[in-house]
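Q: With the sequence up front, the predicted model follows.
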Amino acid sequence: MKESITIRNVGPLKDIVIDDITSLTVFIGQSGSGKSMIMKIIVLMRYIFKRICIRSFLKNAGISRSPFKISIETLLRDDLKIHLSKNSAEIIYTVQFENGETYSLVFKENKLTTPGSISNEAIYLSKEAWISETRNIIPAWLTNPANAKGSLGFYFHETLSDFTEATKHIKHLKLNFLEAQLDIEDRNGIPRYMFTIPEKHDPIELRHASSGIQTSAPLALITKYFAEAFSFKEAKRRSILSYLYDSDQLTEFHPSIELSEVPTVANIYVEEPELSLDPSSQVRMLDYLVNIAFNTATNNLTLMMATHSPYLVNALNLIINRPAGQPGLPPERVSVFKVFKGHLINLKSTANNRYTVIETADLTEPMEAILNDYIRLTGE
């Protein structure tokens, strides 16, 4: 399966084109450049396509009445409500399969055009998991949710929901990039989130740990959950079989493809994975996430990140050029884009027609500018 997307005139995004959304996709750019907005739009399009897949699966199995109607207005969250209300906004999301089948979602002039149905050969189910930049609030929020005032928006609460669900399945998690461990203890039915650095200090509650730990622990736990513990079988049961049972349509259900045979993928989106971590820890964390998502995962995963960190981007050069047998990811499964003035600059290139590299020279311009100013001021 190959995915592509075009985004025009949405907020700061003027003309964004990605011909092939790879397994690991990273966006880097200035604050407000639109990195997270690209991810939010991709989440939206993938979610709509999933609903079309479910509707098509039911229709192909003889179920004409389906609750999975497509209304983009009811799916818009937070800032997308504003930016997609403009008539100039345009999105084209296309999925192409190996057998040549191609399906597109087109949003233009405030209208969404979708395929009427999808063949069984092209149906797949996805799970979209958003890990918000406000995840550092989770430890304190869970400690005393009664005192948490108001809402922090749709994306934070999606992250919170996934974290809470993950703690039901994963009770012990090694955070190798911090040489630490996260343990979820049950005390009289109340979970406690304990953080430990072996041989350095006794366990402390996660809410009392450093800011870097409070942001990276939820990220690691949620990724681990979707890589190994999330049950697509249960998700299929909830989304399809429960509906058939509740609507008394099980006798009409005659699928030509078994539900267990429908392919699945969990797509994880991370805002600022580097939050509050020193450069060395950022690099180790990236290795940790790639290993969980692509080398040891039992579920099919993709990762998409919006970052400000040149360290993370530069570290990808190690990941994509490791020899076979070492934990990494082939270059063709990795994309890195700089978001600049509403457009994308592809930072991946081939050096000497031999090695694939992520070009990071222009990401060091602020450091060079500081050095030049220092030389000008000191004459040295």
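A: Yep, that arrived.
Q: Tally up the residues packed near Asp229, please.
A: No, residue 229 isn't Asp; it's Ala. When neighbours are counted by other C-beta atoms under 10 Å, Ala229 registers 15. Glycine gets a C-beta too; all of them are placed from N, C-alpha and C.
Q: got it, and Asn291?
A: Neighbourhood size, Asn291 [other C-beta under 10 Å]: 17.
Q: what does the one 10 residues further on give?
A: In terms of burial, Leu301 registers 23 neighbours under the definition other C-beta under 10 Å.
Q: where's it relative to Thr215, distance?
A: Leu301 is 20 Å from Thr215, where distance means C-beta to C-beta, to the nearest Å.
Q: Which parts of this structure are helices?
A: Secondary structure of the chain (DSSP state H): helices at 35-60, 79-83, 138-143, 154-169, 211-224, 232-236, 242-246, 279-290, 310-320, 365-378.
Q: can you redo those as a markdown table with distance to Asn267 and mean neighbour count?
A: As requested, the helices of the chain are exported to a markdown table (distance: least, C-beta to C-beta, whole Å; neighbours: other C-beta atoms under 10 Å):
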| stretch | distance to Asn267 | mean neighbour count |
| --- | --- | --- |
| helix 35-60 | 6 | 21 |
| helix 79-83 | 17 | 15 |
| helix 138-143 | 21 | 19 |
| helix 154-169 | 12 | 18 |
| helix 211-224 | 12 | 23 |
| helix 232-236 | 13 | 14 |
| helix 242-246 | 23 | 13 |
| helix 279-290 | 14 | 20 |
| helix 310-320 | 19 | 20 |
| helix 365-378 | 32 | 10 |
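Q: Let's have those helices in CSV, adding mean pLDDT and distance to Asn99.
A: CSV is the format used below for the helices of the chain (pLDDT from 0 to 100; distance: least, C-beta to C-beta, whole Å):
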stretch, mean pLDDT, distance to Asn99
helix 35-60, 93, 15
helix 79-83, 83, 33
helix 138-143, 85, 43
helix 154-169, 93, 33
helix 211-224, 95, 31
helix 232-236, 88, 23
helix 242-246, 76, 28
helix 279-290, 95, 30
helix 310-320, 93, 29
helix 365-378, 77, 46
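Q: closest to Ala180 out of these?
A: Nearest of those to Ala180, taken as C-beta to C-beta: helix 211-224 at 7.2 Å.
Q: Tell me the gap between the closest one and the middle of its chain.
A: Put simply, helix 211-224 sits 14 Å off its chain's centre (C-alpha atoms, centre = their mean, to the nearest Å).
Q: what's the answer for stretch 71-80, then?
A: The answer for stretch 71-80 is 18 Å, by C-alpha atoms, centre = their mean.
Q: The helices of the chain: which one's closest to Ile123?
A: Of all the helices of the chain, helix 35-60 comes closest under C-beta to C-beta, at 4.7 Å.
Q: so the closest one versus helix 154-169, what angle?
A: 70 degrees (axes from the mean of the first three to the mean of the last three C-alpha atoms, to 10 degrees).
Q: Just checking the distance from helix 35-60 to the centre of its chain.
A: For helix 35-60, the distance to the chain centre is 14 Å (C-alpha atoms, centre = their mean).
Q: per-residue confidence for the residue most central in space within the chain?
A: Nearest to the geometric centre of the chain sits Tyr269, at 1.5 Å (C-alpha atoms, centre = their mean). Looking at Tyr269, its pLDDT reads 98.
Q: same check, this time on Ser66
A: For Ser66, pLDDT reads 66.
Q: Ok, Val10 next?
A: The model's pLDDT for Val10 equals 94.
Q: Any chance of TSV for the helices of the chain, columns distance to Thr356?
A: Below are the helices of the chain laid out as TSV (distance: least, C-beta to C-beta, whole Å):
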stretch	distance to Thr356
helix 35-60	22
helix 79-83	33
helix 138-143	36
helix 154-169	32
helix 211-224	24
helix 232-236	32
helix 242-246	45
helix 279-290	15
helix 310-320	6
helix 365-378	23
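Q: out of the ones you listed, which comes closest to Asp202?
A: Among the helices of the chain, helix 211-224 comes nearest to Asp202, with 14.9 Å by C-beta to C-beta.
Q: what angle separates the closest one from helix 279-290?
A: Using the same axes, to 10 degrees: helix 211-224 against helix 279-290 is 10 degrees.
Q: Tyr225: what's it in contact with?
A: Asp162, Glu165, Ala166, His169, Ile170 (C-beta atoms under 8 Å, 6 or more residues apart in numbering).
Q: Which pLDDT value goes with it?
A: Reported pLDDT at Tyr225 in the predicted model: 97.
Q: do Ser104 as well
A: Looking at Ser104, its pLDDT reads 97.
Q: What sits closest to it if chain neighbours are left out?
A: Thr94 (4.5 Å; C-beta to C-beta, 6 or more residues apart in numbering).
Q: Which residue is the nearest non-sequential neighbour of Ser85?
A: Per C-beta to C-beta, 6+ apart, closest to Ser85 is Asn110, 6.9 Å.
Q: meant to ask about Glu165, not that
A: Once flanking residues are discounted, Glu165 sits nearest to Tyr225: 7.1 Å by C-beta to C-beta, 6+ apart.
Q: cool, Phe226 as well?
A: Going by C-beta to C-beta, 6+ apart, Phe226 has Ala266 as its nearest residue, at 4.2 Å.
Q: Run a quick check on the one you found versus Leu303, I expect a contact.
A: No: contact criterion C-beta atoms under 8 Å: Ala266 and Leu303 do not qualify, at 9.8 Å.
Q: hang on, the earlier thing: which strand residues bridge the residue nearest to Phe226?
A: Beta-bridge partners recorded for Ala266 (DSSP bridges): Lys127, Leu301.
Q: ok, now how distant is it from Ala227?
A: Ala266 sits 8 Å away from Ala227, taking C-beta to C-beta as the criterion.
Q: Check the contacts of Tyr225 against Gln249 and report the nearest one.
A: Nearest to Gln249 out of the contacts of Tyr225 is Glu165 (C-beta to C-beta; 28.4 Å).
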